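>>> Sharing a model that was predicted from the sequence below.
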Amino acid sequence: MLCLGMTLILFPFCTPETYQKLGYLKSTQIGRILGFLIELYALFILFY
């Protein structure tokens, strides 16, 4: 889970439909935020 979160932060891949609707910059920001949330969840699972 940590590796998945780090991958999403480094390479915030989104679908072409998301790029069309929100634009490239906003889509990459959303992808990075989701990656950060995945990392937090993984840390929660690890230490809980």
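Nice, thanks for sending it over.

>>> shaky segments in the chain?
Along the chain, no part satisfies pLDDT under 70.

>>> top helix in it by residue count?
helix 24-47 (DSSP state H).

>>> For it, list every residue counted as buried.
Within helix 24-47, the residues that count as buried by 16 or more other C-beta atoms under 10 Å are 27-28, 31, 35, 38-39, 42. Where you see a C-beta, it was placed from the backbone N, CA and C, and this is true even at glycine.

>>> Tell me the one among those residues nearest to Ile9.
Among those, Gly35 lies closest to Ile9 (C-beta to C-beta), at 4.0 Å.

>>> okay, now the residue nearest to the closest one when sequence neighbours are not counted: neighbour count?
Once flanking residues are discounted, Gly35 sits nearest to Leu8: 2.9 Å by C-beta to C-beta, 6 or more residues apart in numbering. Using other C-beta atoms under 10 Å, Leu8 is surrounded by 20 other residues.

>>> same thing with the one 5 residues further on?
The local packing count at Phe13 equals 11, with neighbours defined by other C-beta under 10 Å.

>>> That one and Cys3, how far apart?
In this view, Phe13 and Cys3 are 15 Å apart by C-beta to C-beta, to the nearest Å.

>>> re the thing from before, the residue nearest to Gly35 contacts Gly31, correct?
Yes - in this structure Leu8 lies within contact range of Gly31 using C-beta atoms under 8 Å: 6.0 Å.

>>> so what's the residue nearest the centre of the chain up against?
Centroid check for the chain by C-alpha atoms, centre = their mean gives Gly35 as the closest residue, at 2.6 Å. Contact analysis of Gly35 by C-beta atoms under 8 Å, 6 or more residues apart in numbering lists 4-9, 12.
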